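**Q** Sequence first, then the predicted structure, then my questions.
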Amino acid sequence: MSAKQAARPILPGSTIGIFGGGQLGRMTAMAARAMGYRIVVLDPDPACPARFVVDECIEATWNDSIEAANLGRASDVVTLEIEQIAPASMEAAASFAPVRPGGQMLAIIQDRVEQKNWLRRNGFPVGDFVAVRSLEQLEAAIKQLGGRCFCKSATGGYDGRGQGKVGFRGEATREEIHDAWEALGCGPGVVEKAIELEREISVMVARSPNGEVKAYPAALNHHEHQILEWSVIPAPVSDEMQQQARTIAEEIADTFQLEGLLAVEMFVDRDGRLLINELAPRPHNSYHASERACQTSQFEQHVRAVCDLPLGDVDVVSPAAIVNLLGDLWIAEDGSERMPEFDAALNVPGVRLHLYEKLRPRKGRKMGHLSATGASAEEAVDRVLRAKQRLVMEAAIPQA
Ligand SMILES: Nc1ncnc2c1ncn2[C@@H]1O[C@H](COP(=O)(O)OP(=O)(O)OP(=O)(O)O)[C@@H](O)[C@H]1O
Ligand SMILES: [Mg+2]
């Protein structure tokens, strides 16, 4: 244990180090700044979104343990906004400052197979799955599970990348299976039986080193092409389901002895059963609306948890929704770049704009989001979707 690793809270004026300077790191840094902390991030991209709001940016890859040690040296506590940090980098940083969440939990979560086995072993509800390491095993697993399946790489996937689907157009063909093997990167992975989804929800839970735990009200999430499209807090589900989902998240946080944040993505199947899809030990896209919906945003809660401050209240102050803005909105039909009509979107009551200052738009790249409050979850969603439509209204009107 280093000298800095005292059991006292890490107070404003101290420095928080973050592995990753994407939008999640950026928004955490903004919340930390608001509370008077200094921030250093480590990211391979010198123009990462956090770059513009932090004190220092260390340009390094996730497996650069020398620079990870430097991040630890510069910080009073280190946290992360991305799962792909190499174990050696986590250890290197941990020689100089507490790293929250810790390397052991990250090692389990960053491997889909380990994560699913951990959940099953600890009695948490998960759908049917089979781990695979070869094309032959993939084929056998698809046969065993039968019907529609998702094939996912063990490591590195996000926003539906590193995934293939089979059996959605009748029995899985050899060609489909082959494509799925390539989609998951021709390496270790997992085959999951496709759940008949009633809806998707998530719960953000925070736990501090002193053992305090707080789970947020669940969010309802709508995906398109396996990417989160919009999300609303609180999820309009029964009180019983809200309670059940929050209890699952709290139990996972306690079992892991989590220090920081953990997002628990869940499926609700047609029989109303909750099944855990996956875990993310960091702020999560489905809780961006917590900035508007809850007493304490997920980003401030992240800071409070890793600094061992009292956790903030998670009660809902107003229903709020977000819709993601992908790079596609910046790209006109002829391939040229255009600026979405933010002025038109901001005319919708209750709507705010959040951009991540990513310099280049790309199809499928998350560039920002819109948020909206409303008297009900339905109104918040309606407003935010209406605002998004306005971003490209002019372009949608055929030119005379
Ligand atoms: N077994 C399944 N049954 C039904 N739908 C699924 C299943 N697995 C994935 N999906 C759908 O695909 C989406 C993305 O899957 P998953 O969360 O595993 O991918 P990811 O790439 O890690 O995504 P992200 O990083 O955006 O959370 C899910 O939210 C869900 O809509
Ligand atoms: Mg997911």
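**A** Nice, I can see it. Numbers count the residues shown, from 1 in each chain. Ligands and ions are numbered 1, 2, ... in the order given.

**Q** mind listing what residue 229 touches?
**A** Residue 229 is in contact with 222, 223, 323, 324, counting by Cβ atoms under 8 Å, 6 or more residues apart in numbering. C-beta coordinates here come from the backbone N, C-alpha and C atoms, glycine included.

**Q** Report the secondary structure element holding the residue of the stretch 1-150 of the chain found nearest ligand 1.
**A** Nearest residue of the stretch 1-150 of the chain to ligand 1 (Cβ to the nearest ligand atom) works out as residue 150 at 4.2 Å. Per DSSP states H and E, residue 150 falls inside strand 149-153.

**Q** roughly how far is that strand from the heart of the chain?
**A** Taking Cα atoms, centre = their mean, to the nearest Å, one finds strand 149-153 lying 19 Å from the centre of the chain it belongs to.

**Q** can you pull out the helices in the stretch 1-150 of the chain?
**A** Ranges of helices within the stretch 1-150 of the chain are 23-34, 65-74, 87-94, 103-109, 112-121, 135-145, based on DSSP state H, counting those that start in this stretch.

**Q** Would you reformat the ones you listed as a markdown table and include distance to residue 264?
**A** Compiled in a markdown table, the helices of the stretch 1-150 of the chain are given as follows (distance: least, Cβ to Cβ, whole Å):
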| stretch | distance to residue 264 |
| --- | --- |
| helix 23-34 | 16 |
| helix 65-74 | 27 |
| helix 87-94 | 22 |
| helix 103-109 | 11 |
| helix 112-121 | 10 |
| helix 135-145 | 23 |
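
**Q** Can you convert those into CSV and add a column each for mean neighbour count and distance to residue 128?
**A** Shown next, in CSV, are the helices of the stretch 1-150 of the chain (neighbours: other Cβ atoms under 10 Å; distance: least, Cβ to Cβ, whole Å):
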stretch, mean neighbour count, distance to residue 128
helix 23-34, 24, 31
helix 65-74, 20, 37
helix 87-94, 20, 29
helix 103-109, 17, 20
helix 112-121, 18, 10
helix 135-145, 17, 6
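
**Q** among these, which is nearest residue 254?
**A** Residue 254 sits nearest to helix 103-109 of all those, at 12.1 Å, using Cβ to Cβ.

**Q** that older thread, partners of the residue of the stretch 1-150 of the chain closest to ligand 1 in the sheet?
**A** On the basis of DSSP bridges, residue 150 is bridged to residue 165, residue 192.

**Q** My read is that it contacts residue 194, right?
**A** Yes: between residue 150 and residue 194 there is a contact under Cβ atoms under 8 Å: 5.9 Å.

**Q** for residue 68, what are its contacts?
**A** 19, 42, 60, 85, 86, 88, 89, 90, 92, 93.

**Q** for the closest residue in space to the third one that isn't next to it in sequence, what are its contacts?
**A** This means residue 60. The shortest distance from residue 60 to any residue other than its chain neighbours is 3.4 Å, reached at residue 67 (Cβ to Cβ, 6 or more residues apart in numbering). Residue 67 makes contacts with 42, 58, 59, 60, as judged by Cβ under 8 Å, 6+ apart.

**Q** re the thing from before, can I get the contacts of residue 229 in CSV with secondary structure and neighbour count?
**A** Converted to CSV, the contacts of residue 229 look like this (DSSP: H, G, I helix; E, B strand; the rest coil; neighbours: other Cβ atoms under 10 Å):
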residue, secondary structure, neighbour count
222, strand, 16
223, strand, 15
323, strand, 27
324, strand, 20
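
**Q** Check those residues and tell me the two furthest apart.
**A** The distance between the two most remote of the contacts of residue 229 (Cβ to Cβ) is 12.2 Å, for 223 and 323.

**Q** by contact count, what packs against the longest helix along the chain?
**A** The helix that spans the most residues within the chain, counting by DSSP state H, is helix 239-256. Packing partners of helix 239-256 (3 or more Cβ pairs under 8 Å, 6 or more residues apart in numbering; DSSP states H and E): strand 197-207, strand 213-215, strand 260-269, strand 274-280.

**Q** Please see if the first one touches ligand 1.
**A** Read that as strand 197-207. Yes: using Cβ under 6 Å from any ligand atom, strand 197-207 reaches ligand 1 at 197, 200.

**Q** all numbers from here: first residue = 21
**A** Fine by me, first position is 21 from now on; the one you just mentioned is strand 217-227.

**Q** what residue ranges in the stretch 221-370 of the chain score low on pLDDT?
**A** Along the stretch 221-370 of the chain, no part satisfies pLDDT under 70.

**Q** Quick one: name the residues of it near ligand 1.
**A** Residues of the stretch 221-370 of the chain lying near ligand 1 (Cβ under 6 Å from any ligand atom): 243, 246, 248, 285, 297, 298.

**Q** Would you list the phi and psi of the third one?
**A** The reference is to residue 248. Backbone torsions for residue 248, taken as degrees, to the nearest 10, come to phi -60, psi 130.

**Q** The spatially closest residue to it that is not a sequence neighbour: neighbour count?
**A** Distances taken as Cβ to Cβ, 6+ apart place residue 305 nearest to residue 248, at 5.1 Å, with adjacent residues excluded. Other residues lying near residue 305 total 22 when counted by other Cβ atoms under 10 Å.
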